[in-house]
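*Asks:* Return atomic coordinates for the entry below.
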Amino acid sequence: MRQLILLIVATVCLLGCHRPIQVAECTTEAIAVNAAADELQDSAYIQSLAPLKKELEREMSVQLGYAPERMWVGAPECPMLNWATDALWNAAQKACPHMVDMAVVNMGSMREWQKGPVTKQNVFELMPYDNRLVVLTLTGKDILDLCQSFATYGAQGVAGLRMTAVDGRPANVTIGGKPVRADATYTIATSDYLAGGTDHMDALRRYTERWNSDILIRDLYMNAVKSQDTIRAVVDGRMNLL
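*Replies:* Reported below is the predicted structural model:
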């Protein structure tokens, strides 16, 4: 017992006399991120990844369909945006147990497809994120507020809805060919990302009901390309900002 006590006392004394470690000197080196940094690559590691890279490139180059004309992107309406919104709306109508009145897609996500083969890589570039399809229930007043944001901040992709904006104010807003009623309710297919009210679409956050799916929007785009084979889309006047 006495030996144990002496050991504890000695340990405490040693810890009490121990000086804290301090940094005596520090040096740094700045490495510019430019072409000269290529020499710093781990060639063995890069070589080990080469087979995976080759397989990924092969997979991404698989042709899903064909675009006979350039699918250009531009405001307030364009073939690429109309095609993407129509594809999302069609998929929602098939998957959702409820009627889906319209669809909304954001302009900022659009990527142009050149005339020619449409590959998996093209679809991944159009939708690189794992956003999922949702259907929201909104009042007609919220729909009109959404259209006001289009008139104020710039058009977005719509399907099922048509509108004209004059001097920054929405006019002639219709869904299914009928004027939108402020006291009615409507269902909107969109992404879980936009359902948070991003891209100035605050009205989408005011939904009264929400139907969620596990359908990746990227996957529904791929299915749309494969089912159509020949990709066609036109500017039809659904979004007219004067």
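
*Asks:* show me where this structure has helices.
*Replies:* For the chain, the helices defined by DSSP state H cover 2-17, 43-60, 79-95, 120-126, 140-153, 217-228.

*Asks:* Need the ones you listed in TSV (columns: distance to residue 101 and mean pLDDT).
*Replies:* Bear in mind the C-beta positions are built from the backbone N, C-alpha and C, glycine included. Output for the helices of the chain, formatted as TSV (distance: least, Cβ to Cβ, whole Å; pLDDT from 0 to 100):
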stretch	distance to residue 101	mean pLDDT
helix 2-17	73	47
helix 43-60	35	77
helix 79-95	9	97
helix 120-126	24	96
helix 140-153	9	97
helix 217-228	18	97
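
*Asks:* Identify whichever of those helices lies nearest to residue 193.
*Replies:* Between residue 193 and the helices of the chain, the shortest separation by Cβ to Cβ is 9.0 Å, and it involves helix 217-228.

*Asks:* Now do the buried residues in the closest one.
*Replies:* By 16 or more other Cβ atoms under 10 Å, the buried positions in helix 217-228 come out as 217-225, 228.

*Asks:* ok, now how distant is the nearest residue to residue 234 once chain neighbours are set aside from residue 127?
*Replies:* Among residues not flanking residue 234 along the chain, residue 79 sits closest, at 6.2 Å (Cβ to Cβ, 6 or more residues apart in numbering). Separation of residue 79 from residue 127 (Cβ to Cβ, to the nearest Å): 17 Å.

*Asks:* Could you single out the most deeply buried of the helices of the chain?
*Replies:* Highest mean neighbour count of the helices of the chain: helix 79-95, a mean of 22 (counted as mean count of other Cβ atoms under 10 Å).

*Asks:* coming back round to it: output the helices of the chain in TSV; the columns should cover distance to residue 106.
*Replies:* Formatted as TSV, those follow (distance: least, Cβ to Cβ, whole Å):
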stretch	distance to residue 106
helix 2-17	62
helix 43-60	24
helix 79-95	9
helix 120-126	12
helix 140-153	11
helix 217-228	11
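
*Asks:* what about those helices, which gets the closest to residue 180?
*Replies:* Closest to residue 180 of the helices of the chain is helix 140-153 (Cβ to Cβ; 4.9 Å).

*Asks:* so what does that closest one touch, helix or strand wise?
*Replies:* strand 161-166, strand 169-175, strand 185-191, strand 239-241 (3 or more Cβ pairs under 8 Å, 6 or more residues apart in numbering; DSSP states H and E).
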